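Peer 1: take this sequence and fold it.
(2 chains)
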Amino acid sequence: MQSDTCPVARCLPKRVAMHGFANPARFLRIARWLMPLLLVCGLVVTAAALAWGMWRVPPDRLMGDTVRILFIHVPAAWLGMGGWTTIAVASLVELVWRHPLAGIAARAAAIPGAAFTAICLITGSLWGRPAWGTWWVWDGRLTSMLVLLFLYFGYIALADASRRDGGGARVAAIFGLVGAINIPIINRSVVWWNSLHQPASITVGKSAIDAAFLWPLLAATMGFGLIFGGVVLAWMRAILADMQAESRLRRKAAS
Amino acid sequence: MREVLDYWAFVYAAYAVGIAGTLLMIGWSLIAMRRAERRRDRSRGR
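Peer 2: Residues are numbered from 1 along each chain as shown, chains lettered A, B, ... in the order given. Modelled structure (predicted):
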C-alpha cells in the first residue's frame, strides 16, 4: 500500500515500460512490419474515403460541390496541427526523461507535419476562391496556419543543423516546445478574431456536420492518419540508420 | 458582369494537390529510408 503513495515508486514502472521501447533494435523490429502495414492500410482507407467523398456525397445546400474539398482540407489541417503536437510531446519526453527515441520521433514528425500543413493551405486557398471570392485573406486562422508552416521549416532546419554540426538536440527540442504555443492560437483564432473562416464544426463530443459528410470525413482522417504514422516510422528508420552509419564511420576514422 | 466559376475545377485541383502531395511525401520518405539503411549497411562492410 505504501508504494502506491510514493511518487517515485508510482512513476518507476511507467518509466521502465517507456524505456523498454527506447531500445533501437526493438523499435526497428516493430517498425519493419508496422510501417508498411500503416502505409498500405492508410492508402486503402484514404482512397475509399476520397472516392466516397467525391462521388457518393451529395452537394451541400450552400457550398454546392466545393464541399468535397472538406475531405482533404480538414484532415490535412488536423494532421498539420497533430504533427506539431507530436513534436512538442516528443520534445518534452526527450528533455525530461532523455528518452533516446523521442528526439528522433520529433524530427520524424516534422516532414509529414509540414507536408500536411502545406496541403491544408493550398486546398484551403482552392476552397476560398469559390466560397469567399478570394484566394487568401490575412485573418487569424489562415495567418496562424501559415506561421505553423514557417515554424516547421525552422524546426527542420534547426534539427538538421544541430545534428550535422554536433550541437545539442536540446535547442531543437526547446524550439519544438515553444512553437506549440501556436496550436491553441490556430484552434481559437476563429473565436478570438473576425474571420471569413467558419468556426469549428466539430468539437470534442459534438458535431454540427450532417452524417452524410461526417462519416467520409472521419474515414479520410483515419486514412491520412495511418499514412502519417507510416511516414513518421519511415523517417525514424532513416534517421536511426543515418546515426548508426555516422557513428560507425567516426569510429573507423578514429581507429 | 458576374463571374461564373466551374466549382468542379476547384474540387479536382484540390484532390490533385492532396493526392499528389501525399504520394510524393510517401515516396520521398521511403527513398530516404532505403538510402539511409543502405548507407548503414555499407558502413558495416556488408
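Peer 1: report the buried residues of stretch A:73-86.
Peer 2: Across stretch A:73-86, burial judged by 16 or more other Cβ atoms under 10 Å in any protein chain shown covers A:73-84, A:86. C-beta coordinates here come from the backbone N, C-alpha and C atoms, glycine included.
Peer 1: same question for stretch A:128-145.
Peer 2: Applying 16+ other Cβ under 10 Å to stretch A:128-145 flags A:128, A:129, A:130, A:131, A:140, A:141, A:142, A:143, A:144, A:145 as buried.
Peer 1: now, the buried residues of stretch A:73-86 that are in helices?
Peer 2: A:73-84, A:86 (DSSP state H).
Peer 1: now, which of the residues you listed lie close to chain B?
Peer 2: A:73, A:76 (Cβ under 8 Å from any Cβ of the partner chain).
Peer 1: make JSON lines from the ones in helices among the buried residues of stretch A:73-86 and add pLDDT to it.
Peer 2: Shown next, in JSON lines, are these (pLDDT from 0 to 100):
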{"residue": "A:73", "pLDDT": "97"}
{"residue": "A:74", "pLDDT": "96"}
{"residue": "A:75", "pLDDT": "97"}
{"residue": "A:76", "pLDDT": "98"}
{"residue": "A:77", "pLDDT": "97"}
{"residue": "A:78", "pLDDT": "96"}
{"residue": "A:79", "pLDDT": "98"}
{"residue": "A:80", "pLDDT": "97"}
{"residue": "A:81", "pLDDT": "97"}
{"residue": "A:82", "pLDDT": "97"}
{"residue": "A:83", "pLDDT": "97"}
{"residue": "A:84", "pLDDT": "98"}
{"residue": "A:86", "pLDDT": "97"}
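Peer 1: can the ones in helices among the buried residues of stretch A:73-86 go into TSV with extra columns for distance to residue A:64?
Peer 2: What follows is those, written out as TSV (distance: Cβ to Cβ, whole Å):
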residue	distance to residue A:64
A:73	15
A:74	17
A:75	21
A:76	21
A:77	21
A:78	24
A:79	26
A:80	26
A:81	28
A:82	29
A:83	31
A:84	33
A:86	35
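Peer 1: can you tell me which of the ones in helices among the buried residues of stretch A:73-86 is closest to residue A:192?
Peer 2: residue A:81 (16.3 Å; Cβ to Cβ).
Peer 1: run a quick neighbour tally on the closest residue to residue B:18 other than its chain neighbours.
Peer 2: Take residue B:18 and drop its neighbours on the chain: the residue closest to it by Cβ to Cβ, 6 or more residues apart in numbering or on different chains is residue A:72, 3.6 Å away. Around residue A:72 there are 32 other residues, counting by other Cβ atoms under 10 Å in any protein chain shown.
Peer 1: from what I can see residue A:72 touches residue B:12, true?
Peer 2: No: between residue A:72 and residue B:12 there is no contact under Cβ atoms under 8 Å: 11.4 Å.
Peer 1: surely residue A:219 touches residue A:52?
Peer 2: Yes: contact criterion Cβ under 8 Å: residue A:219 and residue A:52 qualify, at 6.8 Å.
Peer 1: who has more neighbours out of the two?
Peer 2: residue A:219 (19 against 16).
Peer 1: residue A:102 reaches residue A:93, doesn't it?
Peer 2: Yes: Residue A:102 lies in contact with residue A:93 (Cβ under 8 Å); the separation is 4.0 Å.
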